[in-house]
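Peer 1: model the structure of this input:
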Amino acid sequence: MKEVISAIRNEVITLNELAASLNSDQWQSPTKFKDWSPELIISHLYYFDLMTIYSHNNHEKFDEEAKFLFSTYVEIKQSLPRAQKVLERLKSSNYQELVEAWLIGNSLMCEVFEQIDPKKRCRWFGPDMGARMFMTARYMETWSHSQAIYDLINIQRDYSDDIKNIANIGVKTFEWTYINRKLEVPKSKPFIQLIAPSGKQWEWNTDTSDNSVIGLASDFCHVVTQNRNIVDTNLEVKGEIAKHWMSIAQCFAGDPEEPPDNGYRV
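Peer 2: Sure, this is the predicted structure:
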């Protein structure tokens, strides 16, 4: 648990530095992630960090906010106005207030979950999750949403071995990608061999020549979080199962989403 929470803290420090480098126009500018601005991205992360805390120690508030979210999602079908409603819900009047509140909320979330049994089941909008997976998902979402801001200002991000947390989720959600789309789950899983930012080699599943995904861990993480189209990476993908999975891979919860078009986010 400490390892993944450390990853969250590291990513928040980096994202805060990135956000601080933006000028007022960039803060409000649409990114290539559903036209969300950096302001909307930070507000989204802040709101769901709060929801994570409520899922553990304030069930009444969690239920209240869940009711707001479900009614909003029924009323509004588009992603951008949904995100804008969340920003309005937070009632932050300016950039500094929003960022400071996000940093405080994220720190509190980390402090709370450092004391929790990693196997404890935590409430969420779908099935309950174990606390360790809950924190891994929060790291994944923070890392993934950050990429839209890097893309906006055309800065190459530095990677660390913390992203193994995302690679793990990407591998574990192989079946989920198919179940979520109401597709038959393939009977075999592709062999995954990735090179970590540190140069270490990470592997999952049985080594087979029939289906495999080989390459940089950062590329793999971008694909399973749908930050990049598989065609825009240097991953070597062999076999029909592996190719199909990588074309629709989705390691996050929610309705089926499509990866960006080839060449749109590069």
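
Peer 1: most centrally placed residue in the chain?
Peer 2: residue 141 (2.3 Å; C-alpha atoms, centre = their mean).

Peer 1: look at it and report its pLDDT.
Peer 2: With respect to pLDDT, residue 141 scores 96.

Peer 1: hang on, isn't it packed against residue 48?
Peer 2: Yes: using C-beta atoms under 8 Å, residue 141 makes contact with residue 48 at a distance of 7.1 Å. The way it works is simple: take the backbone N, C-alpha and C, and place the C-beta from them, glycine included.

Peer 1: picking that back up, contacting residues around the residue nearest to the centre of the chain?
Peer 2: 45, 48, 252 (C-beta atoms under 8 Å, 6 or more residues apart in numbering).

Peer 1: ok, residue 184 next?
Peer 2: Counted by C-beta under 8 Å, 6+ apart, residue 184 has contacts residue 178.

Peer 1: now name the helix or strand holding it.
Peer 2: Residue 184 belongs to no helix or strand when assigned by DSSP states H and E.

Peer 1: per-residue confidence at it?
Peer 2: Confidence score, pLDDT, at residue 184: 96.

Peer 1: all helices of the stretch 101-250 of the chain, in order?
Peer 2: Using DSSP state H, counting those that start in this stretch, the helices of the stretch 101-250 of the chain run over 131-152, 164-172, 174-180, 217-224, 240-248.

Peer 1: mind giving me the ChimeraX select for the contacts of residue 141, buried ones only?
Peer 2: Under the burial definition 16 or more other C-beta atoms under 10 Å, those of the contacts of residue 141 that qualify are selected in ChimeraX by:
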select :45,48,252
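
Peer 1: please convert the contacts of residue 141 to a markdown table, extending it with secondary structure, distance to residue 176 and pLDDT.
Peer 2: Listed next are those as a markdown table, based on DSSP: H, G, I helix; E, B strand; the rest coil; distance: C-beta to C-beta, whole Å; pLDDT from 0 to 100:
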| residue | secondary structure | distance to residue 176 | pLDDT |
| --- | --- | --- | --- |
| 45 | helix | 22 | 98 |
| 48 | helix | 19 | 96 |
| 252 | coil | 9 | 91 |
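
Peer 1: so can I have JSON lines of the contacts of residue 141 showing distance to residue 56?
Peer 2: Converted to JSON lines, the contacts of residue 141 look like this (distance: C-beta to C-beta, whole Å):
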{"residue": "45", "distance to residue 56": "18"}
{"residue": "48", "distance to residue 56": "13"}
{"residue": "252", "distance to residue 56": "20"}
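
Peer 1: any idea which of the contacts of residue 141 is the one closest to residue 217?
Peer 2: Using C-beta to C-beta, residue 252 comes nearest to residue 217 of the contacts of residue 141, at 17.6 Å.
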